[in-house]
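Colleague: sequence first, then the predicted structure, then my questions.
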Amino acid sequence: MRLDAIAPAPERRERATRGPVADRLGTVKRMDEAEARLVATSVLDEWRPVPFAELSRLVDESVWVDRAGPSGASYSVKVYGLWDAGVVGGDLRVLAAAFDGTKTRLGLLRSAGDDFIVTPEDPPASS
């Protein structure tokens, strides 16, 4: 049998053993952090006009939404709230974190996000 009649071996891919997690074929998948932050910011912008009382519910119950980035990559975005400086009833930090499924070396989901702070509304005027 002649050697030139044998099909060439498929091109070898270097397996990722460190750094970003490799998919099943060994190719490295990295999250586009700038795009993920853009997606998180756009979701967060939808929450800015929401009243403080409704936003404060995000402390106990986060909201998940799915969005596509400009590249077509899909992201799951978690919107949640934390009392800023740990003061319950004080300023509220509303955060959005976008996940695309990639993981860190430790196996944690990689995310990128944005946040804003709102202050409690003035109490209604008493009559």
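Modeller: Good, I have the coordinates. Numbers count the residues shown, from 1 in each chain.
Colleague: identify the single longest helix in the chain, thanks.
Modeller: Longest helix in the chain by number of residues (criterion: DSSP state H): helix 33-47.
Colleague: for that helix, name the packing helices and strands.
Modeller: Other elements packing on helix 33-47 under the criterion 3 or more Cβ pairs under 8 Å, 6 or more residues apart in numbering; DSSP states H and E are strand 63-68, strand 74-83, strand 92-103, strand 109-118. For glycine as for every other residue, the C-beta is placed from the backbone atoms N, C-alpha and C.
Colleague: deepest in the core, which of the ones you listed is it.
Modeller: strand 92-103 (a mean of 20; mean count of other Cβ atoms under 10 Å).
Colleague: as a markdown table, the helices and strands packed on helix 33-47 with mean pLDDT and distance to L38 would be great.
Modeller: Conversion of these to a markdown table gives the following (pLDDT from 0 to 100; distance: least, Cβ to Cβ, whole Å):
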| stretch | mean pLDDT | distance to L38 |
| --- | --- | --- |
| strand 63-68 | 96 | 10 |
| strand 74-83 | 95 | 10 |
| strand 92-103 | 91 | 9 |
| strand 109-118 | 91 | 9 |
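Colleague: just put those strands in a markdown table and tack on distance to S56.
Modeller: What follows is the helices and strands packed on helix 33-47, written out as a markdown table (distance: least, Cβ to Cβ, whole Å):
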| stretch | distance to S56 |
| --- | --- |
| strand 63-68 | 13 |
| strand 74-83 | 7 |
| strand 92-103 | 6 |
| strand 109-118 | 9 |
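Colleague: follow-up on the earlier one: just the angle between the longest helix of the chain and strand 92-103, please?
Modeller: For helix 33-47 against strand 92-103, the angle by axes from the mean of the first three to the mean of the last three Cα atoms, to 10 degrees is 140 degrees.
Colleague: buried stuff in the very next helix or strand once past helix 33-47?
Modeller: Using DSSP states H and E, the helix or strand that follows helix 33-47 towards the C-terminus is helix 52-55. In terms of neighbour count (16 or more other Cβ atoms under 10 Å), helix 52-55 has its buried residues at L55.
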